[in-house]
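Visitor: my questions concern the predicted model and sequence given below.
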Amino acid sequence: MDQTILLVDDEEKVLEFMRSFLQSEGFKVVTARTGTEALAKAKETNPVVVVLDWMMPGMSGLDVCRELRKKSRVGIIMVTAKADEMDKVVGLEVGADDYLTKPFSLRELLARIRSVMRRIDGSPSFEEHLVRGDLTISRSQYQVWKRGVEISLTPTEFKLLLTLADKPGIVYSRLQLLKAALEDDLFNEERTVDAHISRLRKKIEDDISNPRYIQTVYGFGYRFGDQP
């Protein structure tokens with residue numbers, strides 16, 4: 001796998017600090033001090049991970065992240081002095097893979113980079129955070145946010161949502177969903193799925209009479225209707 005890391009920060013000393021350390025760990029390091037320069041360097045060098053500062057003059061880190069996500073599945077780690085959870089959610093919603101809050105140690109930075117690289121290398125189609133319309137779904141944290149506000153789901157509701165949202169447009173039968181979400185309780189009736197879906201819709205849909213996300217395919221089952 002390519003070992004190029006793109007570091008983006010408007011502070012030269014911070015860039016040199018990170019660059020020197022990562023080069024000593026065997027990475028090829030490219031740097032940029034503005035958002036515009038970062039997009040150009042990303043296109044030119046095709047890095048495996050971009051470490052991206054949130055607050056920069058002109059084009060912000062969030063804007064850079066959005067632009068990168070339109071064209072690439074490169075790993076993106078947002079770096080910011082903001083510790084507020086809502087800021088973290090916003091970063092993840094625009095496509096970041098991970099989040100570092102200043103101050104952080106260089107060893108933590110290295111661990112985060114290697115973690116993102118493993119995800120990309122081991123499972124190219126795997127996304128830690130699924131963004132579907134107004135929803136953000138965290139696989140590992142079993143959390144869901146809608147427009148930045150966390151939604152409380154039961155484990156079964158989460159498994160149903162993740163199964164459907166993972167493959168938008170694919171139709172799942174009730175039996176398939178039963179096995180995916182209720183694997184420890186397969187003696188449930190298939191219609192049990194309908195009850196869980198009904199409760200899930202009340203939590204994630206704006207209009208349950210005309211669902212945007214979980215759509216019924218009459219005579220068969222359900223599908224996730226909103227494209228990524």
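Guide: Happy to help now that I have it.
Visitor: drop to CA atoms for contacts and neighbour counts, all remaining ones
Guide: OK.
Visitor: pretty sure residue 213 contacts residue 225?
Guide: Yes - A contact is recorded between residue 213 and residue 225 when judged using C-alpha atoms under 8 Å, the distance being 4.9 Å.
Visitor: scan the chain for its longest helix.
Guide: Scanning the chain for the helix with the most residues, using DSSP state H, yields helix 106-122.
Visitor: off-centre distance for whatever helix or strand comes next after that one?
Guide: Using DSSP states H and E, the helix or strand that follows helix 106-122 in sequence is strand 129-132. If you compare the mean C-alpha spot of strand 129-132 with that of the full chain, they lie 5 Å apart, counting by C-alpha atoms, centre = their mean, to the nearest Å.
Visitor: name the helices or strands packed onto the helix or strand just after strand 129-132?
Guide: Once the chain leaves strand 129-132, the next helix or strand it forms, by DSSP H and E, is strand 135-138. Under the contact criterion of 3 or more C-alpha pairs under 8 Å, 6 or more residues apart in numbering; DSSP states H and E, strand 135-138 touches strand 129-132, strand 143-146.
Visitor: closest one to residue 206 among those?
Guide: Go through those one by one with C-alpha to C-alpha and the one that ends up closest to residue 206 is strand 143-146, at 10.4 Å.
Visitor: who does the closest one pair up with?
Guide: For strand 143-146, the paired strands and their directions (DSSP bridges) are strand 135-138 (antiparallel), strand 149-151 (antiparallel).
Visitor: winner for burial among these?
Guide: Most buried of those by mean neighbour count (mean count of other C-alpha atoms under 10 Å) is strand 135-138; its value is a mean of 22.
Visitor: put the alpha carbons of it into PDB.
Guide: Taking only C-alpha atoms (Å, rounded to 0.1, in the frame of the first residue of the first chain), the coordinates of strand 135-138 have been written out as PDB:
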ATOM      1  CA  LEU A 135     -28.200  10.300   9.100                       C
ATOM      2  CA  THR A 136     -24.700   9.400  10.300                       C
ATOM      3  CA  ILE A 137     -24.200   5.900  11.600                       C
ATOM      4  CA  SER A 138     -21.200   4.700  13.500                       C
END
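Visitor: residues making contact with it?
Guide: For strand 135-138, contacts defined as C-alpha atoms under 8 Å, 6 or more residues apart in numbering pick out 92, 93, 128, 129, 130, 131, 143, 144, 145, 146, 147, 162.
Visitor: rewinding a little: out of the helices and strands packed on strand 135-138, which is closest to residue 221?
Guide: Of all the helices and strands packed on strand 135-138, the one in closest proximity to residue 221, counting by C-alpha to C-alpha, is strand 129-132 (20.1 Å).
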